[in-house]
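>>> Dropping a prediction and its sequence here:
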Amino acid sequence: MLWLDLGNTRLKYWLTDDIGQIVDHDAKQHLQAPAELLMGLTDRFERYAPDFIGISSVLGEALNIKVTETLSRLNIPFEFVHVDAAHPLMRSDYNDQQLGCDRWLQMLGAVDKKKRQCVIGCGTAVTIDLIDHATHLGGYIFPSIYLQRESLFSGTKQITISNGAFDSVGQGMTTQDAVHRGILLSIVGAINEISHRHPNFEVIMTGGDAAIIAQHVNRPVRLRDDLLLNGLARYFDHSKQT
Ligand SMILES: Nc1ncnc2c1ncn2[C@@H]1O[C@H](COP(=O)(O)OP(=O)(O)OP(=O)(O)O)[C@@H](O)[C@H]1O
Ligand SMILES: CC(C)(CO)[C@@H](O)C(=O)NCCC(=O)O
Ligand SMILES: [K+]
């Protein structure tokens, strides 16, 4: 199988064998040209001769059409995930026309009907979602630490910070520190507040920035890097059976 995650910043792919083991995986910036990037990867994909391609995309109709055109040339069946708010593994009252499928798949990959869970995705946006015994209760969306820094940079004259490390939530004494620490605190503080309001929820974090953020969260955090892939496998396994 070939699994694709078309995110706002990066395209990720996983090639898995018959027993679900990952045989190849990569993540690449697509610079809003995912179809062109996929074209360059087709040789690699064809070498493994996957029998199916499952796709998560949050890129919108126009780019999805281009991706469809590119994938059609491979002569391998493929399918885009559609959010199903009444999925047997997890129901949701969130507006299913709006819920991002990466966000939904991360939850589907994590959901456990015996638990209360808080699933946090740390990509281009940070998403925080609450799930109570396999019912999605809704959530929050924040700009990532990098998007927040870019917005300060572009919206002010005196803040010219465009790089540096996000490594502390203590107050800063320089612009550099105040910016990085303020931004990191906005996300860490929100997570701490949400987990304070929902004390019995297991906190699960995934995505490129999860480790940076998790360090400062004052609750035990389970870091997982397989949630979206697991969600894709669960989604297509179920759709094959029905
Ligand atoms: N402006 C930036 N400068 C440096 N690194 C960035 C910037 N924007 C994003 N990143 C990196 O991108 C990664 C984002 O995490 P992740 O891989 O989960 O999401 P993504 O692939 O970028 O987002 P999406 O899935 O929405 O495309 C992080 O590792 C972060 O360090
Ligand atoms: C929130 C992001 C950007 C996270 O990648 C994506 O899931 C998305 O575009 N969602 C649509 C908005 C929503 O989930 O309500
Ligand atoms: K947008």
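Sure, I can see it. Residues are numbered from 1 along each chain as shown. Ligands and ions are numbered 1, 2, ... in the order given.
>>> So which elements touch whichever helix or strand Gln176 is part of?
Assigned by DSSP states H and E, Gln176 belongs to helix 175-197. On a contact count with 3 or more Cβ pairs under 8 Å, 6 or more residues apart in numbering; DSSP states H and E, helix 175-197 meets strand 116-122, strand 125-132, strand 135-143, helix 145-155, helix 210-214. (Glycine included, C-beta is placed from N, CA and C.)
>>> Figure out which of these is closest to ligand 1.
Comparing the helices and strands packed on helix 175-197 by their distance to ligand 1 (Cβ to the nearest ligand atom), the top pick is helix 145-155, with 3.5 Å.
>>> Could you check the angle the closest one makes with strand 125-132?
Put simply, helix 145-155 runs at 140 degrees to strand 125-132, going by axes from the mean of the first three to the mean of the last three Cα atoms, to 10 degrees.
>>> Could I get the average pLDDT for helix 145-155?
The predicted model assigns helix 145-155 a mean pLDDT of 97.
>>> residues in contact with that helix?
Residues outside helix 145-155 that contact it (Cβ atoms under 8 Å, 6 or more residues apart in numbering): 124-125, 142-143, 159-162, 166, 179-180, 183-184, 186-187, 209, 212-213.
>>> Now list the buried members of these.
124-125, 142-143, 161, 166, 179-180, 183-184, 187, 209, 212-213 (16 or more other Cβ atoms under 10 Å).
>>> related to what we said a few turns ago, I'd like to know which elements the helix or strand just after the helix holding Gln176 is packed against.
For helix 175-197, the following helix or strand on the C-terminal side (DSSP H and E) is strand 202-206. Packing partners of strand 202-206 (3+ Cβ pairs under 8 Å, 6+ apart): strand 116-122, strand 221-223, helix 227-241.
>>> Now do the buried residues in strand 202-206.
Applying 16+ other Cβ under 10 Å to strand 202-206 flags 202-206 as buried.
>>> still on that earlier bit, out of the helices and strands packed on strand 202-206, nearest to ligand 2?
Per Cβ to the nearest ligand atom, nearest to ligand 2 of these: strand 116-122, 6.3 Å.
>>> and the closest one, what does it pack onto?
helix 101-110, strand 125-132, helix 175-197, strand 202-206, helix 210-214.
>>> Point me to the residue of this protein nearest ligand 2.
Closest point on the chain to ligand 2, by Cβ to the nearest ligand atom, is Gly100, at 1.9 Å.
>>> my guess is that residue meets Val58, correct?
Yes: Gly100 is within contact range of Val58, at 4.8 Å (criterion: Cβ atoms under 8 Å).
>>> hey, which of the helices and strands packed on helix 175-197 is tucked in deepest?
strand 116-122 (a mean of 24; mean count of other Cβ atoms under 10 Å).
>>> Now do it: everything it contacts.
102-103, 106-107, 110-111, 126-133, 144, 191, 194-195, 198, 200-210, 212-213, 227.
>>> As a quick check, tell me the outermost residue of the chain.
For the chain, the largest distance from the centre (Cα atoms, centre = their mean) belongs to Met173, which lies 33.4 Å off.
>>> and that one, what does it touch?
So Met173 contacts nothing (Cβ under 8 Å, 6+ apart).
>>> and the gap between it and Tyr235?
49 Å (Cβ to Cβ, to the nearest Å).
>>> cool, and Lys66?
23 Å.
>>> Show the contacting residues for the closest residue to Leu137 other than its chain neighbours.
Of all residues not flanking Leu137 in the chain, Leu130 sits nearest, at 4.2 Å (Cβ to Cβ, 6 or more residues apart in numbering). Contact partners of Leu130, counting by Cβ under 8 Å, 6+ apart, are 116-118, 136-139, 194, 198, 201.
>>> okay, the angle between the helix or strand bottoming out on mean pLDDT in the chain and strand 202-206?
Lowest by mean pLDDT, DSSP states H and E among the helices and strands of the chain is helix 227-241, with a mean of 87. In terms of direction (the same axes, to 10 degrees), helix 227-241 departs from strand 202-206 by 100 degrees.
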